[in-house]
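S.K.: Below are the sequence and a predicted model for it; my questions follow.
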Amino acid sequence: MTNVEVVITGIGATTPLGGDVQSTWDGLLEGRSGVSKIRGDWPEKFDLPVRIAAQLAVDPTEVLPRVQARRMDRCEQIAVIAARQAWADAGFDMPTDEAQPVDPDRLGVAIGTGIGGPVTLLDQDDLLETQGLRKVSPLTVPMLMPNGPAAMVSLELRARAGVHSPASACASGAEGIAQGWRMIQYGEADVVVVGGAEACIHPITVAGFAQSRTLSTRNNDPEAASRPFDTARDGFVLGEGAGVLVIERADHAAARGARVYGKVAGIGITSDAYHITGNHPEGIGQIGAIQKALRSAGLTAADVQHVNAHATSTVVGDVGEAAAVRKALGEDVVLTAPKASLGHLVGGAGAVESIMTVLSIYHGLVPHTRNLEELDPKVQLDVVTGEPRKMEITAAINDSFGFGGHNVALAFTGP
Amino acid sequence: MANEEILKGLAEIVEEVAGVAADEVTADKSFVDDLDIDSLSMVEIAVQAEDRFGVKIPDDELANLKTVGDAVDYVAKSMNK
């Protein structure tokens, strides 16, 4: 392997557990839940079978200046908020005409999303139907487009080395990190702002997921609804949130004396080509993604102590992933499933959970999996329950899988 | 309606849409060069001005409204028609 070393120097997030990385991490360590009854009366109005979601702890319109907020879809708002946090965390000032902390031609963005701004699309369609053309916002298209979150961040941070917006459903945020890593490997950028964002909790998305029978209907006990690897799991909980990391060529970071959280050691991407929503029954694509990530990182299965699982709390998905992990990494790895607390942030999931993975390595601490009371006997792996576990981790894998057969595994190592 | 009233109403719309403080929206200012308002925001400002003042601002007229004063004069003239 002749990889360029890529380090993580900044992290930012806004999630159902908190408005930043610290509150999200603390929420996981405390075993809190971000799941609650859906705000709004529409689940009742449409008699939806699902009435719970993992909604943002801090409304983005309370964080952004009013005019900036009104020009962006909620998905763009949270991407920008998380990117600003990550940027500041990396030790950079906001760029001005006079001073740019990173050469704009060497600064890239890769921020994925599952769907972008469907709520804007639907709201503007309502305006067209009820009040006519004049009331349709001229910002409709830039607000709804799925490359909007990445593009808005590029404007904010003056990134000119290229903007990418992978759309691979629930793997989009992880693929954002992978694409940014590739940009640095290809010599296209020294610093890339990477991650993912999603904000699509709306009657039609909940109805659509509910019709595909993938959501939990544990409406009477929202905080117990997301229970990856537990025998009583009955589906995932739709969430919203964004995670953004600043990744950087190691020598670039060293030259400016940056604090390093860890390394993006390698990436693995595969596709199932099997079914549009279901995973391959033998987990071929998932196993392949983990193996590719190991190869690309120059690691072997024995080097990995920890897996931050994709585990969404669906009946089939969780045991499928467990089998793939056993096959690719053996039975000694220690797992956690953060969606138990966070819900499923769709395009934001892989990014937020990668940040949590990096913090586990950095702090030597794996958060426990909330709601895991009775481990499904088919899992046959050590999943942390009850309280966080202290352990030294030199290498960890973050899994992300998406509708469409997308499999992304990321290998992280310590600083 | 007096021109001062139109200016006051227009300034409120500009503040709402583009975030420029209303007291900075004076007759001599250019929307693009002085107030940094882009073409997308101009469309929103025009639609809100049409509603507020009960006038029509077709696109080819909108393109000629370079300064805040141009817009005030156009609205005043249209309202008197």
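M.R.: Happy to help now that I have it.

S.K.: Look at whatever residue of chain A ends up closest to chain B and give its secondary structure.
M.R.: Closest approach of chain A to chain B (Cβ to the nearest Cβ) occurs at residue A:67, with a separation of 3.1 Å. No exception for glycine: its C-beta is placed from N, CA and C like everyone else's. Residue A:67 falls in the helix class when you classify it by DSSP: H, G, I helix; E, B strand; the rest coil.

S.K.: count of residues packed around it?
M.R.: For residue A:67, the number of neighbouring residues by other Cβ atoms under 10 Å in any protein chain shown comes to 14.

S.K.: pLDDT at it, what is it?
M.R.: For residue A:67, the pLDDT comes out at 91.

S.K.: That one and residue B:21, how far apart?
M.R.: 11 Å (Cβ to Cβ, to the nearest Å).

S.K.: Need the nearest residue in space to the residue of chain A closest to chain B, chain neighbours excluded.
M.R.: residue B:19 (3.1 Å; Cβ to Cβ, 6 or more residues apart in numbering or on different chains).

S.K.: Next: residue A:377.
M.R.: Distances taken as Cβ to Cβ, 6+ apart place residue A:231 nearest to residue A:377, at 7.9 Å, with adjacent residues excluded.

S.K.: OK, contacts around that neighbour?
M.R.: When the contact criterion is Cβ atoms under 8 Å, 6 or more residues apart in numbering or on different chains, the partners of residue A:231 are A:374-377.

S.K.: which one of those residues is nearest residue A:262?
M.R.: Nearest to residue A:262 among the contacts of residue A:231 is residue A:375, at 28.4 Å by Cβ to Cβ.

S.K.: what's across from the closest one in the sheet?
M.R.: When bridges are assigned using DSSP bridges, the partners listed for residue A:375 are residue A:230.

S.K.: Kindly state the pLDDT recorded for residue 32?
M.R.: All of this is about chain A. Value for residue A:32, per-residue pLDDT: 98.

S.K.: Actually, chain B is the one I wanted.
M.R.: If you check residue B:32, the pLDDT there is 93.

S.K.: Now do the contacts for it.
M.R.: Residues B:38, B:66 are the ones in contact with residue B:32 under the rule Cβ under 8 Å, 6+ apart.

S.K.: Doesn't it lie inside a strand?
M.R.: No: secondary structure of residue B:32, determined by three-state DSSP: coil, with no strand assignment.

S.K.: can you tell me which residues contact residue 27?
M.R.: Reading this off chain A. With contact taken as Cβ under 8 Å, 6+ apart, residue A:27 is in contact with A:15, A:17-18, A:34, A:341.

S.K.: Chain B, not that one
M.R.: Under the criterion of Cβ under 8 Å, 6+ apart, the contact partners of residue B:27 comprise B:7, B:67-69, B:72.

S.K.: The residue in chain B positioned nearest to chain A: what's it in contact with?
M.R.: Taking Cβ to the nearest Cβ as the measure, chain B has residue B:19 as its residue closest to chain A, at 3.1 Å. The contact partners of residue B:19, by Cβ under 8 Å, 6+ apart, come to A:65-68.

S.K.: Would you mind listing what in chain B touches chain A?
M.R.: Listed as neighbours of chain A in chain B under the rule Cβ under 8 Å from any Cβ of the partner chain: B:17-19, B:39-41, B:43-44, B:47, B:50.

S.K.: one step back: from the contacts of residue B:27, pick the one nearest residue A:400.
M.R.: For the contacts of residue B:27, the minimum distance to residue A:400 (Cβ to Cβ) is 50.7 Å, reached by residue B:68.

S.K.: Could you report the neighbour count for the closest one?
M.R.: The local packing count at residue B:68 equals 23, with neighbours defined by other Cβ under 10 Å.

S.K.: so which of the contacts of residue A:27 is the most crowded?
M.R.: With neighbours set by other Cβ under 10 Å, the maximum within the contacts of residue A:27 is found at residue A:15, which has 35 neighbours.

S.K.: Once you drop chain neighbours, what's closest to it?
M.R.: According to Cβ to Cβ, 6+ apart, the nearest residue to residue A:15 is residue A:241 (4.0 Å).

S.K.: From residue A:16, how far out is that neighbour?
M.R.: On the measure of Cβ to Cβ, residue A:241 and residue A:16 end up 6 Å apart.

S.K.: Greatest separation within the contacts of residue B:27: which pair is it?
M.R.: Considering Cβ to Cβ, no two members of the contacts of residue B:27 lie farther apart than B:7 and B:67, which are separated by 11.4 Å.

S.K.: Number of residues surrounding residue 59?
M.R.: Picked chain A for this. A count of neighbours around residue A:59, defined by other Cβ under 10 Å, yields 15.

S.K.: try again with chain B
M.R.: Other residues near residue B:59 come to 8 when the count uses other Cβ under 10 Å.

S.K.: Likewise for residue A:217?
M.R.: Other residues near residue A:217 come to 15 when the count uses other Cβ under 10 Å.

S.K.: and it, what does it touch?
M.R.: Shown here is residue A:217, whose contacts under the criterion Cβ under 8 Å, 6+ apart are A:49-50, A:210, A:234-235.

S.K.: of all those, which comes closest to residue A:285?
M.R.: residue A:235 (21.8 Å).

S.K.: pretty sure that closest one is touching residue A:318, no?
M.R.: No: the pair formed by residue A:235 and residue A:318 falls short of the contact definition of Cβ atoms under 8 Å, at 10.7 Å.

S.K.: quick one on the thing from earlier: joint contacts of residue A:241 and residue A:16?
M.R.: Counting by Cβ under 8 Å, 6+ apart, the contacts common to residue A:241 and residue A:16 are A:54, A:56, A:342, A:345.

S.K.: Identify the spatial nearest neighbour of the first one, chain neighbours not counted.
M.R.: Counting by Cβ to Cβ, 6+ apart, residue A:343 is the residue found nearest to residue A:54 once chain neighbours are left out, at 2.5 Å.

S.K.: Do you know the pLDDT at the one you found?
M.R.: If you check residue A:343, the pLDDT there is 98.

S.K.: Surely it and residue A:235 touch.
M.R.: No: no contact is recorded between residue A:343 and residue A:235 when judged using Cβ under 8 Å, the distance being 11.4 Å.

S.K.: before we move on, the earlier item: just the buried residues of the contacts of residue A:231.
M.R.: Burial of those was assessed by neighbour count (16 or more other Cβ atoms under 10 Å in any protein chain shown); the buried members are A:375-376.

S.K.: Using a markdown table, lay out the contacts of residue A:231 together with pLDDT.
M.R.: Written out in a markdown table, the entries for these read as follows (pLDDT from 0 to 100):
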| residue | pLDDT |
| --- | --- |
| A:374 | 98 |
| A:375 | 98 |
| A:376 | 98 |
| A:377 | 98 |
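
S.K.: would CSV of the contacts of residue A:231 with distance to residue A:27 be doable?
M.R.: Rendered in CSV, the data for the contacts of residue A:231 read as follows (distance: Cβ to Cβ, whole Å):
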residue, distance to residue A:27
A:374, 23
A:375, 23
A:376, 25
A:377, 29
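
S.K.: Right, I'll call it a day here.
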